[in-house]
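*Asks:* Sequence plus predicted model, see below.
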Amino acid sequence: MDEFLAKFGNDTWLPFSVIVGRLLTASLLGAVVGLEREWRQRAAGLRTHILICLATATIAILTIEITHLSVFDGHEIRVDPIRLVEATTAGVAFLAAGLIFFAKGEVHGLTTGAGMWLAGAIGLAVGLGFWQIAALTTVLALIVLCLLQYAKIEATGKDQGS
C-alpha cells in the first residue's frame, strides 16, 4: 500500500501555490469574458467561458509539469509549444463552430464563438504564466464586446445581437 501511495501522485515542478493562483486567475478572467455573454443571454455564457479558460490553463500547466516528470529522466523529450496552441485551438474551435448558424439570411453566434476561442487563448496565457498578456487581452475583449456593441446600436438604431 505504501508503494502504491508513493507512486500514485507526483510532486509538481511548479509550486502548488503558483498552480492554484494560475487556475484561479484563469477562472476569473474567463468569468469576465463570459459574464458579458451571459448578460446578453447567449448560448455560451459565464460557465462555458470559465470552463474553457480553466481547461486551457490546466492543459498549459500540465504541459509544463510533464516536461519535468522524473519518469522521463535520461530520455530525450522534444518540447513543441506550438502543438499545445494548435491542439487547444482546434478543440475550442470545434465547440465554437457548434454555436454558429445561419437563419433567415443572418449568421448568428460568431461573436460568442470568437469569445470562446479568446477564452481558450486567455487560459493558455495564464497557464503558461503570462498573466499580464491574459489580463490585457481580457480588458481589450471587454472593450470590443461592450463599447463596440453600443456603437453598433447607435449606428443601426437596433441591437442585432451576436
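*Replies:* That came through, no problem.
*Asks:* give me the number of residues near Glu86?
*Replies:* Residues lying near Glu86 (other C-beta atoms under 10 Å) number 11. Glycine gets a C-beta too; all of them are placed from N, C-alpha and C.
*Asks:* any idea which helix or strand carries it?
*Replies:* Glu86 belongs to helix 81-97 when assigned by DSSP states H and E.
*Asks:* in that helix, what counts as buried?
*Replies:* Of the residues in helix 81-97, those buried by neighbour count under the rule 16 or more other C-beta atoms under 10 Å are 84-85, 88, 92, 95-96.
*Asks:* packing partners for it?
*Replies:* On a contact count with 3 or more C-beta pairs under 8 Å, 6 or more residues apart in numbering; DSSP states H and E, helix 81-97 meets helix 46-66, helix 110-127.
*Asks:* Now do the longest helix anywhere in the chain and helix 110-127, the angle between them.
*Replies:* Secondary structure of the chain read by DSSP state H shows that its longest helix is helix 16-39. In terms of direction (axes from the mean of the first three to the mean of the last three C-alpha atoms, to 10 degrees), helix 16-39 departs from helix 110-127 by 170 degrees.
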